[in-house]
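> Dropping a prediction and its sequence here:
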Amino acid sequence: MVELIGASLILFAGTMIGLLQASRYAARPNQIRQLIHALQRLETEIGYGYTPLPEAISRCAAYLPEPVTALLRDVNRRLEQAGELTFRECWEGAVQAYWPLTAMRQPEQAALVRLGSALGISDRDDQIKHLRLAMQQLQTEEEAARADSARFSKMWKSLGVLTAALVVILIL
């Protein structure tokens, strides 16, 4: 009886690990899409609303889902407490702090860090150009993430169950 309970717990744990990994692959393209949407809103606020950058970031954060909204709110918080920090330093600090909470990878992070070094130091038209460039880079990464999700999600689900089954067989 104890062996049966142990075997079922191992199968359950292996299945959950596989499902967790699969969900990270599925979440990555969605989070990239949310990030693109945030940059589009930021572009609209800067380009058409003539909104100052801190206020534009605050307005964008109000309409977005997590974890993107947490990232933008942290940028705003850092700007308010900045003292002698530049916008780039606040942006990079927020990206570094919130990146582990996302399913996104290094290429998306690099695009955001590059964008942060260009925002707030030039005129409105130049900022819009940098926002559009970042959106194009993120769209390319989103396509790759969708392909990875389709390929690896099913594999991780199966791998979790099969690995757990192998462990159960070896134990029994």
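In hand now; what should we look at?

> How far does stretch 79-91 sit from its chain's centre?
22 Å (Cα atoms, centre = their mean, to the nearest Å).

> So what touches it?
53-54, 57, 75, 78, 93, 112-113, 115-117, 119-121 (Cβ atoms under 8 Å, 6 or more residues apart in numbering). (C-beta placed from N, C-alpha, C; glycine too.)

> cool, and stretch 145-161?
For stretch 145-161, contacts defined as Cβ under 8 Å, 6+ apart pick out 11, 14-19, 21-22, 25-26, 28-29, 32.

> same thing but at 10 Å, please
Residues outside stretch 145-161 that contact it (Cβ atoms under 10 Å, 6 or more residues apart in numbering): 11, 13-33, 103-105, 107-108, 138.

> Now tell me which of the contacts of stretch 79-91 the prediction trusts least.
Among those, Gly120 has the lowest pLDDT, at 78.

> For Asn76, what is the enclosing helix or strand?
helix 68-80 (DSSP states H and E).

> May I see the buried residues of that helix?
Neighbour counts over helix 68-80 (16 or more other Cβ atoms under 10 Å) mark Val68, Thr69, Ala70, Leu71, Leu72, Arg73, Asp74, Val75, Asn76, Arg78, Leu79 as buried.

> Low-confidence regions, the protein specifically.
82 (pLDDT under 70).

> And the longest helix seen in the chain, how far out from the chain middle?
Taking DSSP state H as the criterion, the chain has its longest helix at helix 124-171. Distance of helix 124-171 from its chain centroid, counting by Cα atoms, centre = their mean, is 11 Å.
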